[in-house]
Structures are given as C-alpha cells and as structure tokens.
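Student: Build the 3D model from these lines:
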Amino acid sequence: MSRKPRTATERFEQLKRDQEAYRRISLVRRSHPRFRRDLRVIPHVFLLAGHTRMAPLEHPLEAVRVALAGKAIWTLDTATRLVTGSGFLTSADLMGYLTADSLAQAVVSGLVAQPQLSGLSLTPLYKRPPMLIAHVTAELPAAVDLPSGDRVVPWNLLIRDLFGTLGWRPDLLTKLEASQPSWPSLKPAPGCRSAGG
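Tutor: Numbers count the residues shown, from 1 in each chain. As a prediction, the model looks like this:
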C-alpha cells in the first residue's frame, strides 16, 4: 500500500514535532540522576566541570578558526571536519583545547564575546549562533599539525573525547573509523607530547 506523499508544510510540521520531542527527551535525560552518576564513570574530559567555557563568536566561524590556528588544539567535530571534510554534529561550533591566556586574548581581540561556563552537552537545546566551546587547561594535550596551520588531537584523544562527551555511540565510531587512516599520517607538532603521552 503506497502512502500519499507529504506536502512541504506537512514535512515541516513533522520536523518541528520531532525537534520538540528530541528537546524533551534530552532535557529528561540530562536531569536524571543517572546522567550525573555516569559522568563520574565515563572519562568526561573535554566537558569537565569547571574547565570548559562557551563563548559566542564575534566574527564568522572560519575567521575565528583561522585566527586561533596554532593556539587551539581542535577536537571532536571541529577536528573531524578539518581532517575528513565532514563532521557528525548538527551544531556549527568550534571545539578545542585552549590555555587561559589564549582564550583571554581571543576575548580582548574581539574574536569571541565574554566566555561563560559550558553545559554538560555539545547538543544545543535550541537554535543558536555558533560558539567557541573551549576546554581551558594549563597544559595542552598532544597535537598534530595540519597543512592549514590548524592543530588537532591525535586519534586516541579524539576517541576519548567522543566517548567522554557523547557516550557510547557505535554509529559515530563506525563513521569515524572509516577516516582513521587520515590521522596516523599526521606528524606530531613540534614541542608537543607524543600522541601516546
């Protein structure tokens, strides 16, 4: 039995219903006591409470990324987009590790607005402009250089950040594993610890 094709209006209404359902599910999941308990078990490194800041971009995303090249070590969706050309998240955010000085300089130079403490999820509950989501640390993790001048985390740290922020996602892991050969060919950045360190 063939179903009558839906009109554009019907498809749009279903999209709105689906987004609202996803928002409600996400709110329930994050408010459940088990979510906080699981964060103590999973190595929730990138979004570690007290270390992660979120700042609205004051310039186009690509301009901010280029300005932070060499200072930020990109991870998660940002690193994946830079290495493979495609990401896995719907939000167009910049995600990376920065020192406190580099983040402060980005604010002073007008690249981003004043940072706020980040939430415990990379998935926004509402449509918002792109943000810089930065894990602020005194010691940056191991990094590899890209020809563009950007620096990204090595493969093992990318997977650690994926599990720590999004949980066990075999669908994303399968997609990312197809791109794994791209990561080992990258040379460690000068002065950085090795990928295993």
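
Student: Identify the residue nearest Gly149 in space, chain neighbours excluded?
Tutor: For Gly149, ignoring the flanking residues on the chain, the nearest one in space by C-beta to C-beta, 6 or more residues apart in numbering is Ala69 at 4.2 Å. For every residue, glycine as well, the C-beta is placed using N, CA and C.

Student: how close does that neighbour sit to Ala143?
Tutor: The spacing between Ala69 and Ala143, counted by C-beta to C-beta, to the nearest Å, is 12 Å.

Student: Pull up the overlap in contacts between those two.
Tutor: Arg151 (C-beta atoms under 8 Å, 6 or more residues apart in numbering).

Student: surely Leu76 meets Met95?
Tutor: Yes. Using C-beta atoms under 8 Å, Leu76 is in contact with Met95, at 4.6 Å.

Student: Could you check how far Asp101 is from Phe12?
Tutor: Spatial separation of Asp101 from Phe12 under the definition C-beta to C-beta is 46 Å.

Student: do the same with Ile133
Tutor: In this structure, Ile133 and Phe12 are 29 Å apart, going by C-beta to C-beta.

Student: quick one: which of those two has more around it?
Tutor: For the pair Ile133 and Phe12, the greater number of neighbours falls to Ile133 (25 against 11), based on other C-beta atoms under 10 Å.

Student: those strands in the chain, which residues are they?
Tutor: Counting by DSSP state E, the segments of the chain that form strands are 52-56, 73-74, 94-98, 116-117, 131-136, 144-145, 151-152.

Student: Mean pLDDT lowest where, among those?
Tutor: Within the strands of the chain, confidence is poorest for strand 116-117, with a mean of 82 (mean pLDDT).

Student: Just list what that strand packs against, helices and strands only.
Tutor: For strand 116-117, the helices and strands in contact under the criterion 3 or more C-beta pairs under 8 Å, 6 or more residues apart in numbering; DSSP states H and E are strand 52-56.

Student: Buried by neighbour count: which residues of the strand it packs on qualify?
Tutor: 52-55 (16 or more other C-beta atoms under 10 Å).

Student: Hmm, Leu173 and Ile159 touching each other?
Tutor: Yes. Proximity of Ile159 to Leu173 meets the contact threshold set by C-beta under 8 Å, at 7.4 Å.

Student: measure the closest residue to Leu176 other than its chain neighbours to Gly50 for me?
Tutor: The shortest distance from Leu176 to any residue that is not its chain neighbour, by C-beta to C-beta, 6+ apart, is 6.8 Å, and that residue is Thr80. Thr80 sits 26 Å away from Gly50 when distances are taken as C-beta to C-beta.

Student: Any idea how many residues pack against the closest residue to Ala79 other than its chain neighbours?
Tutor: In space, Ala79 comes closest to Val152 once its chain neighbours are excluded; the distance is 3.8 Å by C-beta to C-beta, 6+ apart. Using other C-beta under 10 Å as the criterion, Val152 is surrounded by 27 other residues.

Student: Tell me which residues touch Gln180, please.
Tutor: Shown in contact with Gln180 (C-beta under 8 Å, 6+ apart): Trp155.
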